[in-house]
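Student: only the shape, not the letters, is given here:
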């Protein structure tokens, strides 16, 4: 969740109803310390999952959230961005059908009411956040609306709506405060400079959008805006987009962006706004400068753990850079103080935080658990999508492992052809000696849905023969998974 300091909401974090007549929030007794077994700071995916599981296990739990339940992911991140991406894709299809369509579909030129689109997106968000509130109430979790400030390892003061304060004392303190967007001091958000939060709730669409940052956030939103008809330019300091992924995976994405009409300025650093604010000055690696015209500038250069602004430093916890240092049970360096999700560093993924939250609740309840996943899937919802699970070829090589690395192209997959998206491939990384699968990577349309099969095969210790010998439904994109394993064994059937 994003812990930017802002006015307290007059609506409940659990159900969005106007306070104080809210049906989910428990009444807070003023000037009296609230006692609980588990206190969770942050109602994002990690925090609310931890609270639900703790409630199921009979642990007396209080969850403190200053904004809306669901944190960045449900409110201003994962869910709304995927909604906007879907709407943009549907609009692009309609525009293409208004021209020459190989499918024989013909329609009138479409238009889009972006405010209705945003309202539809907001409806999805509201249903999900309200559902979280209902689940918390169902399992007996007390939700306190307000901003937490650390007093000590057992006590937190919460700034409540209306200017009051509430002290909460706990046996266990779980820190799930998430992360916040990295800000550029020479490009502060305001006016026509926006963050992903504003980009997900446009009142109107700009004619020209410049995206600063070629990572997954910038490219997902940049692609969506381009499909909505906006002229989009992406500026990235590294020599290629998605620099955290290997080049073989990013090439199809770069090609698709150019085909879509997105301009890419790679190896360019940002110097700042031009006078008047409608241009962005950039410099290439040779030192040459130029101004890119823009009506809006989206800053999307990453996120960092939210460890400042709420007196966390008073605990003197061990750090790992800007993140809290934790062990395999998510314990910090202070007894009975735990940390999960983005505040504990990379990988900053909602599903990692949720798994950690569930585990911490079970440990507090007396169960034997440790967070030692073999692999955590990472998905980039560009067009085409990118999925990475387990070790890449480079990582396996760096670990001194002799591996088989084999790809199967979607150009040879019937289902991909019927989806009009035969670019991309599925790639498998397996040990040469025993064929144990170490990693999967894929780039292509809808490959995010293959991530479950990828991570399950690695967690269950599957070998190439296991995947090759499993009957896969035809025609599906999943057949490319089987074919990649077959090809690694030397006998692919459809290539």
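Tutor: Received, thanks. Quantities reported herein were computed from a predicted structural model and do not represent experimental measurements. Residues are numbered from 1 along each chain as shown.
Student: following the helix or strand hosting residue 123, which helix or strand shows up next?
Tutor: For residue 123, the enclosing helix or strand under DSSP states H and E is helix 114-138. Downstream of helix 114-138, the first helix or strand assigned by DSSP H and E is strand 142-145.
Student: could you pull up the mean pLDDT of that following strand?
Tutor: Mean pLDDT, computed over strand 142-145, is 96.
Student: one more: stretch 45-65?
Tutor: Stretch 45-65 comes out at a mean pLDDT of 98.
Student: same deal with stretch 225-239?
Tutor: Stretch 225-239 comes out at a mean pLDDT of 97.
Student: same check on stretch 124-134?
Tutor: 96.
Student: give me the distance from it to the chain's centre.
Tutor: Centre-to-centre, stretch 124-134 and its host chain are 18 Å apart (CA atoms, centre = their mean, to the nearest Å).
Student: now that stretch: buried residues?
Tutor: By neighbour count on 16 or more other CB atoms under 10 Å, the buried set for stretch 124-134 is 125-126, 128-130, 132-133. (Each C-beta comes from the backbone N, C-alpha and C, glycine too.)
Student: ok, back up a step: for the helix holding residue 123, which helices and strands make contact with it?
Tutor: Packing contacts for helix 114-138, counted by 3 or more CB pairs under 8 Å, 6 or more residues apart in numbering; DSSP states H and E, involve helix 45-56, helix 71-76, helix 78-97, strand 142-145.
Student: do that again at 10 Å, thanks
Tutor: Packing partners of helix 114-138 (3 or more CB pairs under 10 Å, 6 or more residues apart in numbering; DSSP states H and E): helix 45-56, strand 61-65, helix 71-76, helix 78-97, strand 142-145.
Student: got the contact list for residue 93?
Tutor: 101, 103, 105, 107, 110, 227, 420 (CB atoms under 10 Å, 6 or more residues apart in numbering).
Student: roughly how far apart are it and residue 99?
Tutor: Computed as CB to CB, to the nearest Å, the residue 93 to residue 99 distance reads 11 Å.
Student: now list whatever residues contact both of the two.
Tutor: Common neighbours of residue 93 and residue 99 (CB under 10 Å, 6+ apart) are residue 107.
Student: residue 230 - how many residues pack around it?
Tutor: Each residue near residue 230 was counted by other CB atoms under 10 Å, and the total is 19.
Student: show me what the residue lying closest to it once chain neighbours are set aside is bridged to.
Tutor: Among residues not flanking residue 230 along the chain, residue 209 sits closest, at 5.1 Å (CB to CB, 6 or more residues apart in numbering). Bridge pairing for residue 209 (DSSP bridges) gives the partners residue 232, residue 296.
Student: now do the contacts for residue 209.
Tutor: Residue 209 sits next to 192, 194, 199, 202, 221-222, 225-226, 228, 230-234, 262, 294-298 when contact means CB under 10 Å, 6+ apart.
Student: with distance to residue 40 added, can I get the buried residues of stretch 124-134 in CSV?
Tutor: Formatted as CSV, the buried residues of stretch 124-134 follow (distance: CB to CB, whole Å):
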residue, distance to residue 40
125, 21
126, 22
128, 19
129, 16
130, 19
132, 13
133, 14
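Student: between those residues, which sits nearest residue 371?
Tutor: Comparing the buried residues of stretch 124-134 against residue 371 with CB to CB picks out residue 132 as the nearest, at 22.3 Å.
Student: do you know the pLDDT at the closest residue to that closest one other than its chain neighbours?
Tutor: With sequence-adjacent residues excluded and distances taken as CB to CB, 6+ apart, residue 132 is closest to residue 69, at 4.6 Å. Turning to residue 69, the model gives it a pLDDT of 96.
Student: and residue 69, which helix or strand is it part of?
Tutor: Taking DSSP H and E as the definition, one finds residue 69 inside no helix or strand.
Student: and it, how far from residue 394?
Tutor: According to CB to CB, residue 69 and residue 394 sit 39 Å apart.
Student: circling back to that earlier point, tell me which of the helices and strands packed on helix 114-138 sits nearest to residue 356.
Tutor: Checking the helices and strands packed on helix 114-138 against residue 356 by CB to CB gives helix 45-56 as the closest, at 6.0 Å.
Student: follow-up on the earlier one: so which of the helices and strands packed on helix 114-138 is nearest residue 335?
Tutor: helix 45-56 (18.1 Å).
Student: strand 61-65 and that closest one, what's the angle between them?
Tutor: Interaxial angle of helix 45-56 relative to strand 61-65 (axes from the mean of the first three to the mean of the last three CA atoms, to 10 degrees): 160 degrees.
Student: check contacts around residue 87.
Tutor: So residue 87 contacts 112, 114, 116-118, 120-121, 224, 227-228 (CB under 10 Å, 6+ apart).
Student: recalculate using a threshold of 8 Å.
Tutor: By CB atoms under 8 Å, 6 or more residues apart in numbering, the residues touching residue 87 are 112, 117, 120-121, 224, 228.
Student: got a list of what the closest residue to residue 109 other than its chain neighbours touches?
Tutor: By the measure of CB to CB, 6+ apart, the closest residue to residue 109 outside its immediate chain neighbours is residue 98, 4.5 Å from it. By CB under 8 Å, 6+ apart, residue 98 lies in contact with 106-110.
Student: likewise for residue 236?
Tutor: Counting by CB under 8 Å, 6+ apart, residue 236 touches 213-214, 218, 243, 264-268.
Student: just the helices from the protein, written as ranges.
Tutor: Secondary structure of the chain, counting by DSSP state H: helices at 45-56, 71-76, 78-97, 114-138, 196-199, 216-227, 247-260, 350-364, 393-398, 414-418, 451-459, 464-468, 479-488.
Student: now those helices as JSON lines including distance to residue 287?
Tutor: Formatted as JSON lines, these follow (distance: least, CB to CB, whole Å):
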{"stretch": "helix 45-56", "distance to residue 287": "44"}
{"stretch": "helix 71-76", "distance to residue 287": "37"}
{"stretch": "helix 78-97", "distance to residue 287": "35"}
{"stretch": "helix 114-138", "distance to residue 287": "39"}
{"stretch": "helix 196-199", "distance to residue 287": "30"}
{"stretch": "helix 216-227", "distance to residue 287": "24"}
{"stretch": "helix 247-260", "distance to residue 287": "24"}
{"stretch": "helix 350-364", "distance to residue 287": "40"}
{"stretch": "helix 393-398", "distance to residue 287": "31"}
{"stretch": "helix 414-418", "distance to residue 287": "44"}
{"stretch": "helix 451-459", "distance to residue 287": "42"}
{"stretch": "helix 464-468", "distance to residue 287": "50"}
{"stretch": "helix 479-488", "distance to residue 287": "44"}
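Student: with respect to burial, which of those scores highest?
Tutor: Comparing the helices of the chain by mean neighbour count (mean count of other CB atoms under 10 Å), helix 45-56 ranks first with a mean of 28.
Student: quick one: contacts of it?
Tutor: With contact meaning CB under 8 Å, 6+ apart, helix 45-56 is reached by 1, 38, 40-41, 43, 61, 63, 65, 69-71, 73-74, 132, 135-136, 138-141, 174, 176, 178, 340-341, 350-351, 353-354, 356-358, 360-362, 364-365.
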